[in-house]
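Asker: Show me the folded form of this:
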Amino acid sequence: MTANSVPQAVFGPGALYLTRNDATGPFTPVNVGYCQEFSYDESGDQKDLFGTNQYPIVSARGTVKATGKIKAAVVSGIALNYAFHGQTFAAGVLRASLGEAHTVPTTPYEVTIAPPSSGTFDKDLGVLNGTTGLPLTRVAMSPATGQYSVDETTGIYTFAAADTTVAMTISYAYAVASTGQKITINQQPIGTNPTFQLDYVSTLYGVTYYVRMFRAVASKLTRAHKLTDFMMPEIDFAFYADNVGKVYEVTYDTAA
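Answerer: Now for the predicted structure:
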């Protein structure tokens, strides 16, 4: 079919781009990431004037509340930061080694962790007895049987002399500086939030529907982790007028 040979219809979630616009840029537009859902609503505060009869004689709109929702299939840290946090990324990532197998050696009964990928030990996540599966209790120093201590600066685990040759599974977090990126969410003053422009486009049979929201602010960021399902980030937002009074515009390929 060719463009305009069918009535204009919008099918599927389309493509959604987010561009931060509250600070000095330029900021790179970010595809929210295989958008699963995109919705937006306008709700007017309608005031009715009644006389002595059942139906109003005059009705007028007061304020309008404009809100929307985005659900993405994949995780874009840049998009989520643009929308909700507006903070700064740094190089490196945190990872975890879960249930790493070790055997308690003879004196000094210590296991020194060597994280993968030339990583740096970050935090203890617990120790289990590899035979019984029971957790050991962490203590500050001088562990007895069934206990351990750990220096989180060096990644050295210390066990009791009586636990020599006992198999242990150690779980820990570690940092890798040579790959990825991370963001630390820091405390911000009340009233501080990023704003962004939204560009949505959907094409069906060569006919395009395009919506641009000039200024939006996120009110909620949801990341739900569920059994046997994918985590799909959700952003609730409101959109409003920019500094020249524009709220949004819609492009229709058909005049009907």
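Asker: Please count neighbours and contacts with C-alpha atoms only from this point.
Answerer: Fine.
Asker: For the closest residue to Asp199 other than its chain neighbours, pull up the helix or strand it's in.
Answerer: Computed as CA to CA, 6 or more residues apart in numbering, the closest residue to Asp199 that is not its neighbour in sequence is Arg212, at 4.6 Å. Counting by DSSP states H and E, the element that carries Arg212 is strand 207-222.
Asker: Flag every buried residue along that strand.
Answerer: Residues 207-218, 221 are the ones in strand 207-222 that count as buried (16 or more other CA atoms under 10 Å).
Asker: again, but for stretch 32-44
Answerer: Buried residues in stretch 32-44 (16+ other CA under 10 Å): 32-33, 35-36, 38.
Asker: In helices, which of the residues you listed appear?
Answerer: Among the buried residues of stretch 32-44, DSSP state H puts none in helices.
Asker: Among those residues, show me the least confident.
Answerer: For the buried residues of stretch 32-44, the model is least confident at Gly33; its pLDDT is 78.
Asker: so that residue touches Val75, yeah?
Answerer: Yes: in this structure, Gly33 is within contact of Val75 by CA atoms under 8 Å, at 7.0 Å.
Asker: returning to what we had before: out of the buried residues of stretch 32-44, flag the one nearest to Pro108.
Answerer: Gly33 (51.5 Å; CA to CA).
Asker: which residues sit in contact with the closest one?
Answerer: Contact analysis of Gly33 by CA atoms under 8 Å, 6 or more residues apart in numbering lists 16, 72-76.
Asker: Just give me the closest of those residues to Val127.
Answerer: Val75 (31.2 Å).
Asker: From the buried residues of stretch 32-44, which land in strands?
Answerer: The strands, defined by DSSP state E, take in 35-36, 38 from the buried residues of stretch 32-44.
Asker: and the gap between the residue lying farthest from the centre of the chain and Arg61?
Answerer: The outermost residue of the chain relative to its centre, with distances by CA atoms, centre = their mean, is Thr52 at 54.1 Å. Thr52 is 21 Å from Arg61, where distance means CA to CA, to the nearest Å.
Asker: Over to Ala238?
Answerer: On the measure of CA to CA, Ala238 and Arg61 end up 19 Å apart.
Asker: Tell me which of those two has more neighbours.
Answerer: Taking neighbours as other CA atoms under 10 Å, Ala238 and Arg61 compare with Ala238 leading, 19 against 11.
Asker: can you give me how far stretch 175-193 is from the chain middle?
Answerer: How far stretch 175-193 lies from its chain's middle: 12 Å, per CA atoms, centre = their mean, to the nearest Å.
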